[in-house]
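> Turn this into a structure:
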Amino acid sequence: MGLQKILTGIGIQRFLNLAAADDADAQGTPLVPIVAGMSAGAEALTATIALAAHESDALQVRGRVIGRFVVPAAFEGGYLQFNHSLDGVAWSPIKDQFGNPLRYTAASGDAVNADPRDFIAAEYLQLVSTDADGNAVNQAGAAAEITVMVAA
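Numbering: from 1, shown residues only. A predicted model of the protein is given here:
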């Protein structure tokens, strides 16, 4: 078996650009993409939505890549919306490309993969429990502690 290259950084982009045309680089070495996900160096942060509340505490993410939300069984609402802030005090909703509040389906017990582009340059993040129509849903049975996986 020949040598294999593990791609990082710009190498991933080059691989994605070359993959359709050829599966080998200029030296004929097979390219093997790595999973661009959370790995060693990932950090688990916790956003807590208190009992009888629908918004989490301020979670300082400092612009790091957000990879996944792990939703506890106690979560109520079925969807997550997001607010961002520069100071952890004044909040604005994060919106999608159509100007609508960004909403992820997040049933209790799910691990929800995030699109890191949705959270670029967020200093502080707040998670909001909603229903399918975007209406706030308070936590009724217990506080919901949502794990947010970020790149360290």
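> Please count neighbours and contacts with C-alpha atoms only from this point.
Will do.
> Contact partners for the residue nearest the centre of the chain?
Centroid-nearest residue in the chain, with CA atoms, centre = their mean: Ala114, separated by 3.1 Å. By CA atoms under 8 Å, 6 or more residues apart in numbering, the contact set of Ala114 is 66-69.
> top of these by neighbour count?
The most crowded member of these, judged by other CA atoms under 10 Å, is Ile66 (25 neighbours).
> wait, that residue sits on Ala151?
Yes. The pair Ile66 and Ala151 passes the contact test of CA atoms under 8 Å, sitting 6.6 Å apart.
> Output the below-cut-off pLDDT ranges for the chain.
1-40 (pLDDT under 70).
> All the helices of it, in order from the start?
Ranges of helices in the chain, per DSSP state H, are 10-19.
> thought His84 was touching Pro101?
No. His84 is not in contact with Pro101 according to CA under 8 Å; the separation is 11.6 Å.
> Report the set of residues contacting both of these two.
In contact with both His84 and Pro101: 93-94, using CA under 8 Å, 6+ apart.
> Have a look at these two and say which one is more surrounded.
Under the criterion of other CA under 10 Å, the comparison of His84 against Pro101 puts His84 first, with 24 against 16.
> quick one: the more buried one and Glu145, what's the gap?
18 Å (CA to CA, to the nearest Å).
> quick revisit: could you pull up phi and psi at the residue nearest to the centre of the chain?
phi -100, psi 150 (degrees, to the nearest 10).
> Show me how the chain divides into domains.
Following automatic domain parsing, the chain resolves into domains at 1-36, 42-151.
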